[in-house]
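**Student:** sequence and predicted structure are below.
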Amino acid sequence: MKEPIKFIHSADLHLDSPFQGFFDLPEEMLAQVRDSTFQAFERLIQHAINHEVDFVLIVGDLFDQDGRSLKAQVRLRKGFEKLNEYGIDVFLSHGNHDHLGGSFYSIEFPDNVHIFNEETVTSFPFFKNGEKCAEIYGFSYEKRAVIEPKAGEFIPSSENVFHIGMLHGSLATNTDHDLYAPFRIEDLYTRGLDYWALGHIHKRQQLSEDPPIFYSGNIQGRHRNEGGEKGCNLVELSETGHSLQFLQTGVIRFETRSLDIDDCETLIELEKKLYDWKEKLRNESVPTLLHLTLKGDLPSEEQHAPDLKDELRQIWNEQEEGQENWIWIHKLNVMKDEEMERNQLAQGSHFVGELLRTIEEIEDVEEDLRELTQHHALRKYVQGFSEEEKEEIAKHAEDLLLNELVKEGD
Ligand SMILES: [Mn+2]
């Protein structure tokens, strides 16, 4: 009779993600955003303690960058020390973002932490009350990319214990992400493991029911493409089967929403509509960074200042300071017909669609303009670009690319 085990499957902590491009966020909120990956990690630790799990799995990308910040490593050690006090083990592997070849301060973790230290799949036993009850298999990235398939290296022993695989990689059919350690679901099925803990894809998803094959997703969203609830899996394995529960860890949420404003005839009506709508959104949520699209035309009777959109955003955001579950409109769009068309184009699976989506993902053109703004000849005249100017530069670049691409002939 196998002793049941209970553990947390997490991945992609991306501790100390920089969260660039939030220039106008008030200091207090910005501090909350910048600390969110750490806070989410603390929630993860607290879940492990509250649920009295046997161990925690972290499947790669603990750090956001090759050069792991000292702060991230110290906070990580603190969390692990806390788990150690409660007798909870940690099994971790490194992924493409925090591969073993990166430069970092070598911080010693407590004895409860077991690290997969090579690119070949190896395993650790797990003991409970002196009895071995699980074997955990995994590997770490030794360099930034592991392009070989790894599934075949997961070979469970014949022992009558639970066999768990930790794999940081992507489905071979996934074209949206860098294809690391690619696998097909069939490759994992046939290995005979009891649970597959996957990492790398930040969106939580279940690839198979039995055996359970899961991406837990990351523990904290970092931009608009990582929206919604974020967390980890609480897993229980027993002789009779398994049970799974999602535990939320995200402390700031990214949301992309749209609101119809065709029925608003005045700016006052619009103001009121958004206010009511925002209050409804607030009830269901932690602090939120919102990408909002107003669908329709801004009420036309008023004389429009050229920066009306930005002014509205500022007015709406001012109300949020000091709120506990604030909702900050990070990007505000008003969509008219020609933009609808562009958006339709952006949804296509062709090259132009791909290009438009890539442009949308550029949170901040500052990076791309740096070389220009730091040029000595220009620096004398240009201090930097305003949000509006940057938006205009990005829009202009997009138009230029589109024009070139849809140009017929040559
Ligand atoms: Mn990742």
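**Tutor:** Alright, I've got the coordinates. Keep in mind the model is a prediction, meaning the values are calculated, not measured. Numbering: from 1, shown residues only.
**Student:** state the distance from the residue in the stretch 251-400 of the chain that the ion sits nearest to to P18.
**Tutor:** Proximity to the ion, evaluated over the stretch 251-400 of the chain using CB to the ion, is greatest for E361 at 15.3 Å. Heads up, the C-betas are built off the backbone N, CA and C, glycines and all. For E361, the distance to P18 (CB to CB, to the nearest Å) stands at 16 Å.
**Student:** swap in G165?
**Tutor:** With distances taken as CB to CB, G165 is found 32 Å from P18.
**Student:** with D262 instead?
**Tutor:** When distance is defined by CB to CB, D262 is 39 Å away from P18.
**Student:** same question for A397.
**Tutor:** From A397 to P18 the distance is 23 Å (CB to CB).
**Student:** rewinding a little: of G165 and P18, which one has the most company?
**Tutor:** Neighbour count, other CB atoms under 10 Å: between G165 and P18, G165 has more, with 28 against 12.
**Student:** sticking with the more buried one, tell me its helix or strand.
**Tutor:** Element membership for G165 (DSSP states H and E) is strand 162-168.
**Student:** residues touching L237, list them.
**Tutor:** Listed by CB atoms under 8 Å, 6 or more residues apart in numbering, the contact set of L237 reads P4, I5, F162, D194, Y195.
**Student:** ok, L355 - how many residues close by?
**Tutor:** Using other CB under 10 Å, L355 is surrounded by 16 other residues.
**Student:** picking that back up, what lines up beside the strand holding G165 in the sheet?
**Tutor:** strand 131-138 (parallel), strand 195-199 (parallel) (DSSP bridges).
**Student:** columns distance to the ion, mean neighbour count and mean pLDDT on top of these, output as TSV?
**Tutor:** Shown next, in TSV, are those (distance: least, CB to the ion, whole Å; neighbours: other CB atoms under 10 Å; pLDDT from 0 to 100):
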stretch	distance to the ion	mean neighbour count	mean pLDDT
strand 131-138	15	20	96
strand 195-199	7	28	97
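**Student:** among those, which is nearest R357?
**Tutor:** Of all those, strand 195-199 sits nearest to R357, with 23.7 Å by CB to CB.
**Student:** how about the next helix or strand after the closest one: buried residues?
**Tutor:** Proceeding N to C from strand 195-199, the next assigned helix or strand is strand 205-208, under DSSP H and E. For strand 205-208, burial by neighbour count (16 or more other CB atoms under 10 Å) applies to L207.
**Student:** ok, then the element right after strand 205-208?
**Tutor:** Elements were assigned by DSSP H and E; along the chain past strand 205-208, the next helix or strand is strand 213-215.
**Student:** can you name the next helix or strand after that following strand?
**Tutor:** Past strand 213-215, the next helix or strand by DSSP H and E is strand 231-238.
**Student:** neighbouring contacts of the helix or strand containing F7?
**Tutor:** Per DSSP H and E, F7 falls inside strand 5-10. With contact meaning CB under 8 Å, 6+ apart, strand 5-10 is reached by 44, 47-48, 51-59, 126, 128, 133-134, 162, 164, 195, 197, 214, 216, 219, 232-238, 247, 249.
**Student:** now the residues you listed: which count as buried?
**Tutor:** Buried members of the contacts of strand 5-10, scored by 16+ other CB under 10 Å, are 44, 47-48, 53-59, 126, 133-134, 162, 164, 195, 197, 214, 216, 219, 232-237, 247, 249.
**Student:** can you list the residues that contact the longest helix along the chain?
**Tutor:** Ranked by residue count and defined by DSSP state H, the top helix of the chain is helix 387-406. Residues from elsewhere that reach helix 387-406 (CB under 8 Å, 6+ apart): 23-24, 307, 310, 351-352, 355-356, 359, 362, 364-366, 369, 385.
**Student:** next: stretch 18-27.
**Tutor:** 30, 33-34, 36, 64, 222, 289, 317, 321, 328, 330, 363-364, 366-367, 387.
**Student:** pull the distance from it to the chain's centre.
**Tutor:** With CA atoms, centre = their mean, to the nearest Å as the basis, stretch 18-27 stands 17 Å off its chain's centre.
**Student:** can I get that stretch as PDB, trimmed to CA atoms?
**Tutor:** Extracted in PDB, the C-alpha atoms of stretch 18-27 (Å, rounded to 0.1, in the frame of the first residue of the first chain):
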ATOM      1  CA  PRO A  18      11.700  44.500 -13.800                       C
ATOM      2  CA  PHE A  19       8.200  45.700 -14.800                       C
ATOM      3  CA  GLN A  20       9.400  48.400 -17.100                       C
ATOM      4  CA  GLY A  21       7.100  50.900 -18.700                       C
ATOM      5  CA  PHE A  22       4.900  52.000 -15.800                       C
ATOM      6  CA  PHE A  23       6.100  55.600 -15.800                       C
ATOM      7  CA  ASP A  24       3.000  57.300 -14.500                       C
ATOM      8  CA  LEU A  25       2.000  54.800 -11.800                       C
ATOM      9  CA  PRO A  26       2.100  56.500  -8.400                       C
ATOM     10  CA  GLU A  27       5.000  55.500  -6.300                       C
END
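**Student:** and for the closest residue to the ion within the stretch 201-350 of the chain, the neighbour number?
**Tutor:** Going by CB to the ion, the ion is nearest to H202 of the stretch 201-350 of the chain, at 5.9 Å. The number of residues packed around H202, counting by other CB under 10 Å, is 21.
**Student:** thought it was touching H223?
**Tutor:** No - applying CB atoms under 8 Å, one finds H202 not in contact with H223, separated by 10.0 Å.
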